[in-house]
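[1] this one's sequence-less:
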Ligand code: THU
């Protein structure tokens, strides 16, 4: 799957977002080395802090299916005019498994920028710090 296809797949997840509080849908699609893709959307909760972001939904779906060290690219998309930058908690969760993950971050015009997770979370704290 190429970058454009991954971004468009993430956009299809916006309609699955459960966002009665923020009305800010986010979609994600995580590509693994073997071509498997795990999608995600944000799922909010009346106890606001229990909300899970789209990126973490995709990540925990992947890890729970046995994927850990084969993440290649993650597309993150939103309905916002600005690019839908991953929040700090998502950056940290992703860093655990793939500090050099490629990210495709899109705005509502379906324009996207490509960059690496370690550029968004420099000097990140990861498993190596605990060795
Ligand atoms: N959100 C995500 O899904 N991913 C992010 O990285 C940023 C924020 C969601 C959480 C919440 O449902 C809504 O966007 C507004 O914060």
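    Alright, I've got the coordinates. Here the structure is a predicted model, which means the values were calculated and not measured. Numbering: from 1, shown residues only.

[2] Give me the nearest residue to the residue nearest to the spatial centre of the chain, chain neighbours excluded.
    Centre of the chain computed as the mean C-alpha position; nearest residue by Cα atoms, centre = their mean is residue 55, 2.8 Å away. Once flanking residues are discounted, residue 55 sits nearest to residue 90: 4.1 Å by Cβ to Cβ, 6 or more residues apart in numbering. Using the backbone N, CA and C atoms, a C-beta is placed for each residue, glycine as well.

[3] What's the local residue count around the one you found?
    For residue 90, the neighbour count with other Cβ atoms under 10 Å is 25.

[4] so it, which of the three states?
    Residue 90 falls in the helix class when you classify it by DSSP: H, G, I helix; E, B strand; the rest coil.

[5] got the contact list for it?
    Applying Cβ atoms under 8 Å, 6 or more residues apart in numbering to residue 90 gives the contacts 53, 55, 56, 59.

[6] For the ligand, state which of those is nearest.
    When these are ranked by distance to the ligand (Cβ to the nearest ligand atom), residue 53 comes first, at 3.2 Å.

[7] what's the burial count for that closest one?
    For residue 53, the neighbour count with other Cβ under 10 Å is 21.
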